[in-house]
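K.L.:
Next input, structure requested:
(one chain, ligands or ions: 2)
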Amino acid sequence: MNVLIIGAGGREHAIADALSKSPKVSKLYCAPGNAGIAKHAELVALKDTDVQGLLAYATDNKIGLTVVGPETPLSIGIVDVFKEKGLRIFGPNKKAAQIEASKRFAKDLMIKYGIPTAAYEVFTDFSKALKYVKEKPLPAVLKYDGLAAGKGVVIAETLEEAENALKDMLVDDKFGEGKVVIEDYLEGPEFSFMCFVSGANVYPMVLAQDHKRAFDGDKGPNTGGMGAYGPLPFITEEDKNYALENIMKPVAAAMLKEGCPFSGVLYGGLMKTKNGIKVIEFNARFGDPETEIVLPRLKSDIFDVFCGIADGKTVEIEWDDFPILGIVMASKGYPGDYEKGYEIKGIEDTGALIYHMGTAEKDGKLITAAGRVLMVIGSGKDLNEARTNALKAVEKIECDNLFYRTDIGSLS
Ligand code: AMP
Ligand code: GLY
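P.N.:
Ligands and ions are numbered 1, 2, ... in the order given. I've put the predicted structure just below:
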């Protein structure tokens with residue numbers, strides 16, 4: 001069968017790698033893809049938001065399964081459009097994707113169904129929002145109610161910071177017109193619990209933890225993620241079961257009851273607080289960079305999993321849970337302004353598993369093409385050995401414009 005992957009990052013490279021191992025996949029395509037994905041798939045020069053273009057491409061090339069990586073095409077309804085034309089596609093429809101696209105939708109659902117999360121209020125009015133913040137203890141957690149590429153959440157330590165963020169979100173409409181969710185501040189280690197979900201059926205993946213801050217010691221600005229690892233030393237089997245039974249399964253059941261059954265990957269961004277495990281956010285897709293260290297532990301044929309979930313059938317999924325750790329190499333300046341086009345050398349010499357997050361090929365050379373560029377992966381008998389192995393590989397990669405963290409998986 002011909003399979004089309006939509007997206008261009010490390011997550012899509014990991015999906016392409018996993019699919020390329022399936023004997024049932026005859027040809028892989030990826031739109032738009034990157035230089036690493038090109039080793040597994042034919043690249044298609046279409047944007048991930050060009051729904052009509054992708055639909056025409058899938059039809060013309062007899063694509064039997066389309067797998068959607070990023071949130072934007074899901075939130076604009078690519079799944080609805082493909083399904084209407086009878087094409088098989090892996091991912092939630094527009095209504096179900098709201099669990100990520102609208103913080104308010106997710107919060108309302110959690111409160112209605114008693115799923116543990118921070119208490120919150122929704123505001124459209126700047127002065128009312130500011131008054132609420134003034135009445136509550138700091139820090140204040142302010143979330144723009146829409147997709148904002150990871151930049152719509154501000155943890156304000158001071159009133160001044162909160163006031164500025166609220167101005168950005170409600171007066172200057174920096175992310176577009178919208179509402180703000182203000183919630184209580186929670187504390188504890190965070191982890192990513194991704195599950196394959198088809199209606200009420202929930203199939204847990206192995207866990208991962210992402211490191212969102214740019215620099216060692218969890219310092220610097222929030223990014224899309226600078227590294228990830230698993231298994232997690234601070235999460236017991238009991239914790240995982242609690243999260244599965246009290247969070248992931250009830251949410252899938254709630255979506256079904258609300259008339260928007262979920263199909264695809266439901267990502268729970270969870271926090272282990274003193275008062276139990278609580279939801280920070282949901283995503284309607286695979287996490288990036290978590291996917292790059294989760295899918296290498298999948299023992300089952302991912303093509304069967306994707307088709308089973310997309311078709312609403314039951315599936316069987318088996319996992320390994322060996323120590324694995326990935327370090328992101330990012331362009332200097334990221335998550336702020338950065339330059340692209342720097343040559344990258346030495347990848348093959350590392351012998352490591354490396355997923356490309358943002359690379360391109362130019363005149364036969366591999367160059368940097370995004371903020372996050374490579375995810376370099378190591379495994380070992382424990383997380384320390386996995387980190388040492390990943391770092392050894394990182395050090396062999398030559399490029400003048402990359403930085404990385406050295407402490408992934410050592411802080412929790
Ligand atoms: P989100 O986009 O909702 O995942 O938020 C981004 C990051 O902000 C999270 O990964 C947390 O580190 C932090 N965060 C979000 N909500 C809270 C909260 N209620 N309390 C403490 N930290 C939070
Ligand atoms: N790594 C966080 C995310 O994919 O949203």
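K.L.:
residues from the stretch 251-400 of the chain in reach of ligand 1?
P.N.:
By Cβ under 6 Å from any ligand atom, the residues of the stretch 251-400 of the chain that approach ligand 1 are G269, I280, E281. From N, CA and C alone the C-beta is placed, and that goes for glycine too.
K.L.:
Please produce JSON lines containing those residues, extended by distance to D218.
P.N.:
Listed next are these as JSON lines, based on distance: Cβ to Cβ, whole Å:
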{"residue": "G269", "distance to D218": "16"}
{"residue": "I280", "distance to D218": "16"}
{"residue": "E281", "distance to D218": "18"}
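K.L.:
Return the subset of those lying in strands.
P.N.:
Among those, the ones falling in strands (DSSP state E) are G269, I280, E281.
K.L.:
dump the residue contacts of the closest residue to N222 other than its chain neighbours.
P.N.:
Leaving aside its sequence neighbours, N222 sits nearest to K212 (Cβ to Cβ, 6 or more residues apart in numbering; 5.0 Å). Listed by Cβ atoms under 8 Å, 6 or more residues apart in numbering, the contact set of K212 reads N222, T223, G224, G225, M226.
K.L.:
quick one, phi/psi of K212?
P.N.:
Per-residue torsions, K212: phi -80, psi -30 (degrees, to the nearest 10).
K.L.:
which one of the ones in strands among the residues of the stretch 251-400 of the chain next to ligand 1 has the most neighbours?
P.N.:
Tallying neighbours with other Cβ atoms under 10 Å puts I280 at the head of those, with 20 neighbours.
K.L.:
re earlier: any idea which of the ones in strands among the residues of the stretch 251-400 of the chain next to ligand 1 is closest to D349?
P.N.:
Closest to D349 out of these is G269 (35.9 Å), distances taken as Cβ to Cβ.
K.L.:
For that closest one, list each beta-bridge partner.
P.N.:
Beta-bridge pairing for G269 (DSSP bridges): S192, E281.
K.L.:
My guess is it contacts E281. True?
P.N.:
Yes. The pair G269 and E281 passes the contact test of Cβ atoms under 8 Å, sitting 4.2 Å apart.
K.L.:
Just to check, K47 is in contact with P32?
P.N.:
Yes. K47 lies in contact with P32 (Cβ under 8 Å); the separation is 6.5 Å.
K.L.:
which of these two has more neighbours?
P.N.:
The neighbour count for K47 versus P32, taken as other Cβ under 10 Å, is higher for P32 (17 against 14).
K.L.:
Go through the contacts of K212 and single out the one with the most neighbours.
P.N.:
When neighbours are taken as other Cβ under 10 Å, the top entry among those is M226 (30 neighbours).
K.L.:
residue in this structure nearest to ligand 2?
P.N.:
G287 (3.4 Å; Cβ to the nearest ligand atom).
K.L.:
Could I get the pLDDT score of that residue?
P.N.:
Per-residue pLDDT puts G287 at 98.
K.L.:
That one - how many residues pack around it?
P.N.:
Using other Cβ under 10 Å, G287 is surrounded by 24 other residues.
K.L.:
Could you do A352 as well?
P.N.:
Using other Cβ under 10 Å, A352 is surrounded by 19 other residues.
K.L.:
give me every residue that touches it.
P.N.:
Residues in contact with A352 (Cβ under 8 Å, 6+ apart) are V376, I377, G378, N389, A390, K392, A393.
K.L.:
Most neighbours among those residues, please name it.
P.N.:
A390 (31 neighbours).
K.L.:
next one: phi and psi at the spatially closest residue to that residue that is not a sequence neighbour?
P.N.:
In space, and not counting its chain neighbours, A390 is closest to G378: 3.1 Å by Cβ to Cβ, 6+ apart. With angles defined as degrees, to the nearest 10, G378 shows backbone torsions of phi -130, psi 150.
K.L.:
for A140, same thing?
P.N.:
phi -100, psi 140.
K.L.:
What's the local residue count around it?
P.N.:
For A140, the count of nearby residues is 26 (other Cβ under 10 Å).
K.L.:
What separation is there between it and A156?
P.N.:
According to Cβ to Cβ, to the nearest Å, A140 and A156 sit 5 Å apart.
K.L.:
cool, and G199?
P.N.:
Distance from G199 to A156, counting by Cβ to Cβ: 39 Å.
K.L.:
Would you convert the residues of the stretch 251-400 of the chain next to ligand 1 into CSV that also reports pLDDT?
P.N.:
Compiled in CSV, those are given as follows (pLDDT from 0 to 100):
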residue, pLDDT
G269, 97
I280, 95
E281, 93
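K.L.:
wait, which of those residues is closest to I354?
P.N.:
Taking Cβ to Cβ as the measure, I354 sits nearest to G269 out of these, at 25.6 Å.
K.L.:
Could I get the contacting residues of that closest one?
P.N.:
Going by Cβ under 8 Å, 6+ apart, G269 touches E190, S192, V279, I280, E281, F282, N283.
K.L.:
show me what contacts the last one?
P.N.:
Put plainly, it is N283. E71, I99, E100, L266, Y267, G269 are the contacts of N283 under Cβ under 8 Å, 6+ apart.
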